[in-house]
Every structure is written in structure tokens, then in C-alpha cells.
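Novice: this one's structure only:
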């Protein structure tokens with residue numbers, strides 16, 4: 001069944017050239033000029049990668065600090081005890097605990113955007129894989145969310161560090177800021193994100209790694225940008 005698009009979406013789509021590759025700043029300014037909804041949208045990037053998503057050694061996952069942040073408030077749950085729990089609380093964590101936090105999540109509590117865990121807490125967190133994994137909230141050493149430095153990690157993610165991972169179609173999606181940001185600030189975030197992705201090319205991936213980069217607002221159509 002074809003998804004019915006809103007009148008605003010269709011009107012925005014008419015102003016885009018589906019066959020064009022836009023300069024990043026020009027493309028961002030064009031997106032910002034399109035009809036907008038009544039709420040503040042994010043600007044999102046989707047990157048198509050030259051990998052085989054069925055091969056675990058080609059999957060890409062990580063985190064990157066965007067130079068201009070995301071403009072989004074992030075609720076962080078931290079698994080830690082003792083001094084590390086205190087460190088996380090002082091850094092601004094929204095929820096801190098150990099087995100008690102794991103039990104709370106196992107019982108259905110999910111009012112947070114991401115998790116960070118001290119390494120010794122994985123004995124509790126590991127049992128939550130089937131709950132946190134499908135929602136992209138499972139902490140990982142590759143993403144910098146399993147770390148002995150929980151306080152520093154909380155500060156970084158509160159300041160605009162983001163996590164990302166490839167999906168089943170070999171794409172990576174991320175929010176790179178708010179529509180109200182300047183096109184220049186969004187452009188810096190976009191370049192920082194894609195440059196970081198380039199550095200993560202798996203040795204097993206052959207040919208072009210960054211195949212296509214598209215940008216869009218949360219509720220709007222996308223356009224392709226040329227970063228070469």
C-alpha cells in the first residue's frame with residue numbers, strides 16, 4: 001500500500017530535482033526554505049555504504065561528536081555503582097543504577113534515549129540485549145557507551161555526541177541538528193559525520209565505501225548532496 005503524503009510534503013517535493021546532486025550548503029538552504037510543519041524538525045542524513053550488511057565484519061557502528069551539537073536534549077541512563085555512579089550523576093545522567101536499573105528496564109521502563117555502562121556492569125546489562133538491542137539502546141564499546149569513564153561519556157553525549165550503526169540495507173542514519181540551525185553549522189556537522197564514517201571503512205569492504213549521501217528534514221523529502 002502506497003503511503004499517502006501530506007499536501008505540504010507534495011508541495012516541498014515539487015521544489016526538488018530528484019536527478020540532481022546538490023552542493024551541501026545549497027542543499028541545506030533549499031531544505032530550510034521548504035514548507036514546514038508546526039514543530040521544530042531535525043535535519044537528518046542517510047548514507048548508503050558499499051558494504052555487505054549480512055557480513056558481521058563489515059558492519060559499521062560508532063559515535064562522533066558533532067562540532068555544533070544536535071540541539072536535542074538526550075535522556076541518558078547509566079549503569080554504574082559507587083564512585084562511578086556519583087561521577088555519572090554529577091555529569092548530568094538522568095538515571096543511574098545497577099541491578100535495580102536493569103530490573104526496572106526488564107519490567108518495561110524505557111523512558112530514556114540511550115544507555116552508558118561501566119564495564120563491570122555488563123553482567124546486568126548483557127541480560128537486556130533482547131530489550132535494548134531492537135531499540136538501538138544497547139551500550140557498546142565500539143560506540144563509546146561501555147567505558148570506565150562514564151562521567152566523561154555522559155558529558156560528551158549531552159553536548160552533542162551521537163551514536164550510529166548500519167541497518168539491514170547498508171545505510172547509516174543520523175540527526176545532524178535542528179532546522180533552525182544555520183546552513184553553515186549544519187554543513188559542518190554533515191561533513192564531520194561523513195568524514196568520520198569514511199575513517200571506519202572495513203578492510204573487507206571493496207569499491208566505493210560512501211555511495212550516496214542524502215539529507216532531509218524529519219517530515220520532508222530528501223535530496224542527494226555531492227561531498228566530493
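Specialist: Okay, I see it. Quantities reported herein were computed from a predicted structural model and do not represent experimental measurements.
Novice: spatially central residue in this protein, please.
Specialist: Compute the mean C-alpha point of the chain, and by CA atoms, centre = their mean the closest residue is residue 174, 3.8 Å away.
Novice: that one and residue 193 touch, don't they?
Specialist: Yes: in terms of CB atoms under 8 Å, residue 174 counts as a neighbour of residue 193; the distance is 6.0 Å. (Glycine included, C-beta is placed from N, CA and C.)
Novice: and the residue located most distally from the centre of the chain, what is it in contact with?
Specialist: The centre of the chain is farthest from one residue, residue 82, which by CA atoms, centre = their mean lies 29.9 Å away. The neighbourhood of residue 82, defined by CB atoms under 8 Å, 6 or more residues apart in numbering, contains no residues.
Novice: tell me the confidence at it?
Specialist: Model confidence at residue 82, given as pLDDT, is 97.
Novice: where does pLDDT dip in the protein?
Specialist: For the chain, applying pLDDT under 70 flags the ranges 1-3.
Novice: re earlier: how much space separates the residue farthest from the centre of the chain from residue 154?
Specialist: Separation of residue 82 from residue 154 (CB to CB, to the nearest Å) stands at 16 Å.
Novice: helix, strand, or coil at residue 8?
Specialist: What DSSP: H, G, I helix; E, B strand; the rest coil gives for residue 8 is helix.
Novice: contacts for the helix or strand harbouring residue 172?
Specialist: Residue 172 belongs to strand 171-178 when assigned by DSSP states H and E. By CB under 8 Å, 6+ apart, the list of residues contacting strand 171-178 from outside reads 40-49, 60, 66, 68-72, 162, 164-167, 185-186, 189-190, 193, 197, 215.
Novice: once you drop chain neighbours, what's closest to residue 57?
Specialist: residue 204 (5.3 Å; CB to CB, 6 or more residues apart in numbering).
Novice: the one you found: what's it in contact with?
Specialist: By CB under 8 Å, 6+ apart, the contact list for residue 204 reads 55, 57, 58.
Novice: same question for residue 193.
Specialist: Listed by CB under 8 Å, 6+ apart, the contact set of residue 193 reads 45, 64, 66, 162, 164, 174, 176.
Novice: buried set for the helix or strand hosting it?
Specialist: Residue 193 is part of helix 183-198 when elements are defined by DSSP H and E. Within helix 183-198, the residues that count as buried by 16 or more other CB atoms under 10 Å are 183, 185, 186, 187, 188, 189, 190, 192, 193, 194, 197.
Novice: distance to residue 14 for the residues you listed - can I get that in JSON lines?
Specialist: What follows is these, written out as JSON lines (distance: CB to CB, whole Å):
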{"residue": "183", "distance to residue 14": "21"}
{"residue": "185", "distance to residue 14": "27"}
{"residue": "186", "distance to residue 14": "23"}
{"residue": "187", "distance to residue 14": "24"}
{"residue": "188", "distance to residue 14": "29"}
{"residue": "189", "distance to residue 14": "27"}
{"residue": "190", "distance to residue 14": "24"}
{"residue": "192", "distance to residue 14": "31"}
{"residue": "193", "distance to residue 14": "28"}
{"residue": "194", "distance to residue 14": "28"}
{"residue": "197", "distance to residue 14": "31"}
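Novice: which elements pack onto the strand or helix carrying residue 124?
Specialist: Residue 124 belongs to helix 122-125 when elements are defined using DSSP H and E. Helix 122-125 sits against helix 99-106, with contacts defined as 3 or more CB pairs under 8 Å, 6 or more residues apart in numbering; DSSP states H and E.
Novice: no further queries at this time; thank you.
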